[in-house]
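Student: Using only what follows, build the 3D model:
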Amino acid sequence: MAWELADPILDVEAIVALADSNYGGEVEGIINRSRDVFRHRVTVAATEQVFNRYREFLAVKWSDDTCRGEGWDLGFGDLEAFCWFDRGGYTTYSNEEISNAKFHSVDLSLPAKQRLRLVNEMIDQHILWANQCGIPIICSTSIRADQGTFMRVHQKRGFSVNGSYAWIRTEKAMELLNDKG
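Tutor: Okay, here's the model as predicted:
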């Protein structure tokens, strides 16, 4: 299946489960996470984008054999990845708007090459969405203890990487994306 905008009814539980399984341990002892709070925020974002696609972007990628619609099981085993971007970020030293990646989440049981392809597809979507929205800067961050590969993927895509932050001007990212295709 292709990437689709997240459905506020069909996709929320799978998104919550995948994020919690991937990141729950990363924040343990730092924040008191709540699946209910995350479920609420994912539902609101997915619902908002139904009416306003320029506020937040939340997309899912299900495996090719996933059957969506009649008789569909709300299990999360077939969710390969999801990505979530927002807008309205700013640094303390600039008035230029930034689109921040809230999540690039991939099923960690997938083969490494497939995970890399999915991350690259998510980066493509972030670039295209930010460009469509007229957002001049894209930022991607990581809370993972092991973030090296994730940041190297961004660096290979032309992002400037500083620690756990990867930044790029949307215009430059579009040029690189067009050169790639």
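Student: next SSE after the helix or strand hosting residue 41?
Tutor: Assigned by DSSP states H and E, residue 41 falls within helix 35-51. Counting by DSSP H and E, the element after helix 35-51 in chain order, helix or strand, is strand 56-62.
Student: quick one: average confidence on the helix or strand just after that next one?
Tutor: The element immediately downstream of strand 56-62 (helix or strand, assigned by DSSP H and E) is strand 79-89. Model confidence over strand 79-89 averages 95 on the pLDDT scale.
Student: Just the angle for the lengthiest helix in the chain relative to strand 79-89, thanks.
Tutor: With secondary structure taken from DSSP state H, the chain has its longest helix at helix 112-133. Helix 112-133 and strand 79-89 are oriented at 30 degrees to each other (axes from the mean of the first three to the mean of the last three Cα atoms, to 10 degrees).
Student: Give me the distance from helix 112-133 to the chain's centre.
Tutor: Averaged C-alpha coordinates place helix 112-133 at 8 Å from its chain's average position (Cα atoms, centre = their mean, to the nearest Å).
Student: quick one: buried residues of it?
Tutor: 115-116, 118-119, 121-127, 129-131, 133 (16 or more other Cβ atoms under 10 Å). C-beta coordinates here come from the backbone N, C-alpha and C atoms, glycine included.
Student: buried set for stretch 21-39?
Tutor: Using 16+ other Cβ under 10 Å as the test for burial, stretch 21-39 gives 23, 38-39.
Student: make that stretch 40-50, sorry
Tutor: Applying a neighbour-count criterion of 16+ other Cβ under 10 Å, one finds 42-43, 45-47, 49 buried in stretch 40-50.
Student: gap between the residue nearest to residue 54 when sequence neighbours are not counted and residue 88?
Tutor: Distances taken as Cβ to Cβ, 6 or more residues apart in numbering place residue 133 nearest to residue 54, at 5.0 Å, with adjacent residues excluded. According to Cβ to Cβ, to the nearest Å, residue 133 stands 10 Å off from residue 88.
Student: Tell me what the nearest residue to residue 135 once chain neighbours are set aside is bridged to.
Tutor: Nearest non-adjacent residue to residue 135, counting by Cβ to Cβ, 6+ apart: residue 99, 4.4 Å away. Per DSSP bridges, the residues bridged to residue 99 are residue 138.
Student: Residue 149 and residue 30, how far apart?
Tutor: Counting by Cβ to Cβ, the gap from residue 149 to residue 30 is 23 Å.
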